[in-house]
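Asks: Sequence first, predicted model second:
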Amino acid sequence: MATKPMRIRAAVKDGVTEVKALIAHEMETGQRKDANGAVIPAWFITELTATHNGKLVLSSEFGTAISKNPYLAFRFKGGAAGDKVAISWKDNKGESRTDEAAIA
Amino acid sequence: MVNPQKSIRLALLAGLAVVPLAQAGDELLDGINAYREALADGNPSELVAAEGEELWKMPRGPKNASLEQCDLGLGPGVIKGASAQLPRFFKDTGKVQDLETRLMTCMETLQGIDPQAVVKAGWLKGEKEKMAALVAYVVTASNGHKIRIDMRPPEMKKMYEMGKLAFYYRTGPMDFSCATCHGDQGKRIRMQELPDLRTQAGAASGWGSWPAYRVSNGQFWTMQHRLNDCFRQQRTAEPIYGSDATIALSVYLAATANGGKVVTPGIKR
Amino acid sequence: MNKQRRNVLKTGTGAAVLGALAAAGLIAPGIALADWNKAAFEAKSMADTLKALGATQPADSKDVQLTGPDIAENGAVVPVGVTSAIAGTTMIAILIDKNPNALAGSFKLPEGTEANVQTRVKMGQTSNVYALVKAGDKFYMATKEIKVTLGGCGG
């Protein structure tokens, strides 16, 4: 299944860049059952990293308790308008995706 | 697995479900309002709207055309503020149309896509899933606008009267009408307030905040989907997607809400 | 290939090397950096989770703040945020006591990234939520109870 694009917003203010991201992902827990009573297998992002102009600014690990269509906000020092912020994730099925946005 | 004590408690709650708001703990309601505010920033509807934007601009269907020339009432290609003025009477089709049925007209005329493909698809599947994405994109462009329903055409007045009739029409095994739950001030189910849709303020808070992303199921619902679910909860026959009955109800709600603020896409518990 | 990358990244200048590689367009940024901590995510109890994270006996600290609603209208999406005023904070984790697996997520903060993250978590029921923070070799913690209600109509 094709992955869907993220929405990344990054804005710099007083030398600190705030990043807000929405990531399209089911984040299925593996604890739910479908209409026929069969367990819906777990399907979730395990690792997510963010870079600023290629330099790592966040490295996170997710479990199944992160909500569907995850939301994430964090802040790092530095960053200038036009700089690139990229976010990459990888899930437990081996799918991955990278999207980027320019700092406003 | 079922905890008997819990089931009894739930059953009791269900029995007492609709109680006046004044009896609810104000503190709890404050807490819930704080929760809702915390969700407003970062509404996952954005993800759906992004897909919709792509679909809007993508050549599709037998005619291999995009929807960029679609006229939602403010001229070809104008989406800013368009959904705040829907439903409206369209001269070219001779019909009162809501956003979904108008988009179906555009898909048919511009792209050659059979409207039945949308009508017959399952919720959030196939063409209905695409419709939801398009709706998310279009309604985002009306966020912050005022609800402005043009009630001058006689066709709109007729739809309004039909919608009002449908709103108060009691049916189904429980003998429910829309008004059973949405026709009194200060009602709630459990901790959820039920807007009084007969009043301008109530209708504006309901109509003005749908379509919306619902966090409990992680789905984006159009107004057609939302209305369909009201019929389901009424335990009566589900209306045909885009049928006059659904548009009439929408006209009744939207006209009652006239002047209110659009906050779409909404985010709901 | 992956293993080689990890070896490179495990050296002290890992992030910088990664940055250089990513800048050169050689690798997708970030991928393959973290090793998902299976033991910690699959642990059930708080105690086992803390152990798997190497966080024995974290100290309660007023310098760690966990923000979130007192009550959530739906447990599927509960907004939570963690900030730490402890200098040298390098890791933040969010744990939910009564969930089937306590650990919801963890965030490693390279130098220059503020100890301030917000996300949304699922809660199966009313529970204590913990913010766990690592600074130097020590762990610190803050707690908040978040109530979860059932919503009304509309599934």
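Replies: Yes, it's here.
Asks: Look up the residues forming beta bridges with the residue nearest the centre of chain C.
Replies: Here the mean C-alpha position of chain C is nearest to the C-alpha of residue C:106 (CA atoms, centre = their mean), at a distance of 2.0 Å. Counting by DSSP bridges, residue C:106 is bridged to residue A:61, residue C:93.
Asks: Where does the prediction get shaky in chain C?
Replies: C:1-34, C:150-155 (pLDDT under 70).
Asks: quick revisit: could you measure from the residue nearest to the centre of chain C over to residue C:44?
Replies: According to CB to CB, to the nearest Å, residue C:106 and residue C:44 sit 17 Å apart. All C-beta spots, glycine's among them, are computed from the backbone N, C-alpha and C.
Asks: do you know how far the residue nearest to the centre of chain C is from residue B:56?
Replies: Going from residue C:106 to residue B:56 by CB to CB gives 39 Å.
Asks: Next one: the residue of the stretch 101-250 of chain B found nearest chain A from residue B:47, what distance?
Replies: Closest contact between the stretch 101-250 of chain B and chain A, by CB to the nearest CB, is at residue B:218 (3.8 Å). Separation of residue B:218 from residue B:47 (CB to CB): 10 Å.
Asks: what about the two, which has more around it?
Replies: residue B:47 (22 against 16; other CB atoms under 10 Å in any protein chain shown).
Asks: Excluding residues flanking it in the chain, which one is nearest the more buried one?
Replies: residue A:24 (4.6 Å; CB to CB, 6 or more residues apart in numbering or on different chains).
Asks: Report the central residue of the chain.
Replies: All of this refers to chain A. Using CA atoms, centre = their mean, the residue of chain A that lies closest to the mean C-alpha position is residue A:23, 4.9 Å off.
Asks: that's the wrong chain, I wanted chain B
Replies: Chain B has residue B:223 as the residue nearest its centroid, 2.2 Å off, counting by CA atoms, centre = their mean.
Asks: can you list the residues of chain A near chain B?
Replies: For chain A, the contact set with chain B under CB under 8 Å from any CB of the partner chain comprises A:4-7, A:20, A:22, A:24, A:26, A:67-69, A:71, A:73.
Asks: What about those residues, which are in strands?
Replies: Among those, DSSP state E puts A:7, A:20, A:22, A:71, A:73 in strands.
Asks: Name the residues of the helix or strand hosting residue B:213 that are buried.
Replies: Remark: residue B:213 resides in strand B:212-214, with elements defined by DSSP states H and E. Buried residues in strand B:212-214, defined by neighbour count with 16 or more other CB atoms under 10 Å in any protein chain shown: B:212, B:213, B:214.
Asks: rewinding a little: measure the residue nearest to the centre of chain C to residue C:146 for me?
Replies: Distance, residue C:106 to residue C:146, using CB to CB: 19 Å.
Asks: What count of nearby residues applies to residue 53?
Replies: Picked chain A for this. Applying other CB under 10 Å, we find 18 residues neighbouring residue A:53.
Asks: wrong one, I was asking about chain C
Replies: Applying other CB under 10 Å, we find 22 residues neighbouring residue C:53.
Asks: Return the residues in contact with residue 91.
Replies: This is for chain A. With contact set as CB atoms under 8 Å, 6 or more residues apart in numbering or on different chains, residue A:91 has these partners: A:25, A:43, A:44, A:45, A:46.
Asks: nope, chain C
Replies: C:106, C:107, C:108, C:109, C:132, C:133, C:134.
Asks: can you rerun that using 7 Å?
Replies: C:106, C:107, C:108, C:109, C:133, C:134 (CB atoms under 7 Å, 6 or more residues apart in numbering or on different chains).
Asks: And residue 5, what's its pLDDT?
Replies: Since you didn't name a chain, this refers to chain A. Confidence at residue A:5, expressed as pLDDT, is 92.
Asks: Chain B is the one I meant
Replies: Residue B:5 carries a pLDDT value of 48.
Asks: same question, residue A:77
Replies: Note for residue A:77: predicted pLDDT of 97.
Asks: Next, count neighbours for it.
Replies: By the criterion of other CB under 10 Å, residue A:77 has 13 neighbours.
Asks: got it, and the one 4 residues further on?
Replies: Counted with other CB under 10 Å, the burial measure for residue A:81 works out to 11 neighbours.
Asks: so it, which of the three states?
Replies: coil (DSSP: H, G, I helix; E, B strand; the rest coil).
Asks: list the contacts for it?
Replies: Shown in contact with residue A:81 (CB under 7 Å, 6+ apart): A:12, A:103, A:104.
Asks: Type out the ChimeraX command that picks the buried ones from the residues you listed.
Replies: The ChimeraX selection below is limited to those of the contacts of residue A:81 classed as buried (16+ other CB under 10 Å):
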select /A:12,103
